[in-house]
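Enquirer: Quick one: sequence plus predicted model below, questions after.
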Amino acid sequence: MIVLVADKFEESGLAGLRDAGCDVRYEPALKEAALDAALRGTGADVLVVRSTKVDEPMLEGTRLALIVRAGAGVNTIDVAAASRRGIYVSNCPGRNATAVAELTMGLLLAIDRRIPDNVADLRAGKWDKATYSKAEGLAGRTLGVLGAGSIACDVMRRAAAFEMPIVLWSRRFDGRDGPLEAETLRSLGLETAARQVPITCAPGPREVAARCDALSVHLALSNGTRGLVGAAVFEALRPGAIFLNTSRGEVVDAGALAAAVRDRGLRAGLDVFAQEPAAATGEFTDPIVSAGFVYGTHHIGASTNQAQEAIAAETVRIVSTFMRSGQVPNVVNLAKQSPATHRLIVRHRDRPGVLAHVFEQLRMRSINAQETENVVFAGAEAAVARINLDAAPDAGALAAIREGHPDVLTADVVKL
């Protein structure tokens, strides 16, 4: 299996792919037309990317069966185009959660104690203890969290250690208002945190903002979250509140954020921006950095050695599992619910040509098989095929399946 790695990737991951029996082509500088050509030239079966964009034209005429995003989310990949071509898309959720959570807390502390300004003045030979002695502190102040995924939960656990009560919202709990029940806390890994501080839900992002002193965003980018954090949310925050975004720049209305920083004294800590350079280095022109109290980092949330090694190991697991079994861990583009309406159950002798006969009868009647499973009994003398269909075979079709091949024992259909 040929694996094309078109982004920077850990050596441990490359070695792991080779040990799994892959023919690895490591070309981390590939972008756009060069990546397009490499996909065709290498005949790659698997593509591994990190920040490199994969669009529909790149997929046409390739042998690709699997695309792995070596990170969280899949916003750099045209998932719909991959789905139309039967290409699996997978990612590595949660493997960078600790790194992003650590940076989130670092930004929160840096804003409260104005650490970057302290350092800048000291390096400039200026001593100003009078100014920098003024800080509110974090203990007892409420942290609002938008999201309840791996990163959000890691942030909440750390905030609890800082004695910060937590109020949260996510699409999973949309509309809920009040404490989370014990089972939900266990499923999120927040049982210990809930013993340290109160953890409650708010019915929406605006309600979270109205109840917190600092608001941290941990939402995946989708059509439903693009621009979700806008003027209404910022207006609900108290003047001088802290706003943190280490998820995706596009989930925030950049103009509304700049206005809140400029007009309401909001203090922002940002690792992601609406306008980021495409390359790893370059000029940065996003006007948010001059709007007021804004501390920014260079989209480095997941960029620790620990996180990258964990992501590399997960990528190897995904590819090697696909090689061995055809199964894809963390796949994101399978149908949530099969369009099948009926199941055909065929008990048959385990002989060549039986299933070919069954599928030919279905083809002749324009009935599409959505999912198929064939279970073989001990001794490999008989098997049962379970075939999910988009329509019900009529009595004539069932008779043709039963009577048209000597190794078909029974054929029945049930409605799903």
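Expert: Now that the structure is in, tell me what you want to look at.
Enquirer: In PDB, could you pull the C-alpha coordinates for the helix or strand encompassing residue 186?
Expert: Assigned by DSSP states H and E, residue 186 falls within helix 182-188. What follows is helix 182-188, C-alpha atoms only, in PDB (Å, rounded to 0.1, in the frame of the first residue of the first chain):
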ATOM      1  CA  ALA A 182     -23.400  12.200  37.400                       C
ATOM      2  CA  GLU A 183     -23.500   9.800  34.400                       C
ATOM      3  CA  THR A 184     -22.800  12.700  32.000                       C
ATOM      4  CA  LEU A 185     -20.000  14.000  34.200                       C
ATOM      5  CA  ARG A 186     -18.500  10.400  34.100                       C
ATOM      6  CA  SER A 187     -18.800  10.200  30.400                       C
ATOM      7  CA  LEU A 188     -16.900  13.500  30.000                       C
END
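Enquirer: ok, residues contacting whatever helix or strand comes next after that helix?
Expert: Using DSSP H and E, the helix or strand that follows helix 182-188 in sequence is helix 191-196. By Cβ atoms under 8 Å, 6 or more residues apart in numbering, the surrounding residues in contact with helix 191-196 are 156-157, 159-161, 163, 166, 180, 182, 185, 199. C-beta coordinates here come from the backbone N, C-alpha and C atoms, glycine included.
Enquirer: any idea which helix or strand comes after helix 191-196?
Expert: strand 199-201.
Enquirer: So for the very next helix or strand once past that following strand, mean pLDDT?
Expert: Sequence-wise, the next helix or strand downstream of strand 199-201 (DSSP H and E) is helix 205-211. In this model, helix 205-211 carries a mean pLDDT of 98.
Enquirer: Can you spell out which helices and strands pack onto helix 205-211?
Expert: strand 143-146, strand 166-169, helix 231-236 (3 or more Cβ pairs under 8 Å, 6 or more residues apart in numbering; DSSP states H and E).
Enquirer: Not counting its own residues, what contacts that helix?
Expert: By Cβ under 8 Å, 6+ apart, the residues outside helix 205-211 that reach it are 142, 144-146, 167-169, 177, 202, 215, 228-229, 232-234, 236-237, 241.
Enquirer: The same query, at a cut-off of 10 Å, please.
Expert: Helix 205-211 is contacted by residues 142-146, 165-170, 174, 177, 200-202, 204, 215-217, 219, 225, 228-230, 232-238, 241, 243 when judged by Cβ atoms under 10 Å, 6 or more residues apart in numbering.
Enquirer: With only the CA atoms kept, save it in CSV.
Expert: Extracted in CSV, the C-alpha atoms of helix 205-211 (Å, rounded to 0.1, in the frame of the first residue of the first chain):
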residue,chain,number,x,y,z
PRO,A,205,-23.7,30.6,24.1
ARG,A,206,-25.1,34.0,25.0
GLU,A,207,-26.3,32.7,28.4
VAL,A,208,-22.8,31.3,29.0
ALA,A,209,-21.3,34.6,28.3
ALA,A,210,-23.7,36.4,30.6
ARG,A,211,-22.7,34.1,33.5
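Enquirer: Can you mark which positions in that helix are buried?
Expert: 205-211 (16 or more other Cβ atoms under 10 Å).
Enquirer: What of stretch 327-344?
Expert: Within stretch 327-344, the residues scored as buried using 16+ other Cβ under 10 Å are 328, 330, 332-333, 340, 342-344.
Enquirer: Tell me, domain by domain, which residues of this protein belong where.
Expert: For the chain, automatic domain parsing gives the domain ranges 2-95+306-325, 97-301, 342-415.
Enquirer: buried subset of the contacts of helix 205-211?
Expert: Here, 16+ other Cβ under 10 Å leaves 142-146, 165-170, 200-202, 204, 215-217, 219, 225, 228-230, 233-234, 236-237, 241, 243 buried among these.
Enquirer: okay, how far is it across stretch 189-198, tip to tip?
Expert: One end of stretch 189-198 sits 15 Å from the other (Cα to Cα, to the nearest Å).
Enquirer: any weak-confidence spans in the chain?
Expert: Nowhere does the chain drop to pLDDT under 70.
Enquirer: Can you tell me the centre-most residue of it?
Expert: Compute the mean C-alpha point of the chain, and by Cα atoms, centre = their mean the closest residue is residue 73, 2.9 Å away.
Enquirer: I'd say it and residue 250 touch.
Expert: No - Residue 73 lies out of contact with residue 250 (Cβ atoms under 10 Å); the separation is 11.2 Å.
Enquirer: Now for the two: what residues contact both?
Expert: With contacts taken as Cβ under 10 Å, 6+ apart, the residues that reach both residue 73 and residue 250 are 221-222.
Enquirer: quick one on the thing from earlier: could I get the buried residues of helix 205-211 as TSV with distance to residue 12?
Expert: Output for the buried residues of helix 205-211, formatted as TSV (distance: Cβ to Cβ, whole Å):
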residue	distance to residue 12
205	39
206	44
207	44
208	39
209	42
210	46
211	44
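Enquirer: which one among those residues gets closest to residue 132?
Expert: Of all these, residue 132 sits closest to residue 209, with 27.7 Å by Cβ to Cβ.
Enquirer: separation between the closest one and residue 237?
Expert: 5 Å (Cβ to Cβ, to the nearest Å).
Enquirer: residues shared between the contacts of those two?
Expert: Common contact partners of residue 209 and residue 237 (Cβ under 10 Å, 6+ apart): 144, 215, 243.
Enquirer: Next, the contact list for the spatially closest residue to the last one that is not a sequence neighbour, please.
Expert: By that I understand residue 243. Counting by Cβ to Cβ, 6 or more residues apart in numbering, residue 243 lies nearest to residue 268, which is 4.7 Å off, once chain neighbours are set aside. Going by Cβ under 10 Å, 6+ apart, residue 268 touches 107, 111, 215, 241-245, 252, 257-258, 260-261, 288-289, 291-296.
Enquirer: and those, which of them are in helices?
Expert: Of the contacts of residue 268, the ones assigned to helices by DSSP state H are 107, 111, 257-258, 260-261.
Enquirer: Which pair of those residues spans the longest distance?
Expert: Farthest-apart pair in the ones in helices among the contacts of residue 268 is 107 and 258; separation 17.7 Å (Cβ to Cβ).
Enquirer: Nothing else from me, thank you.
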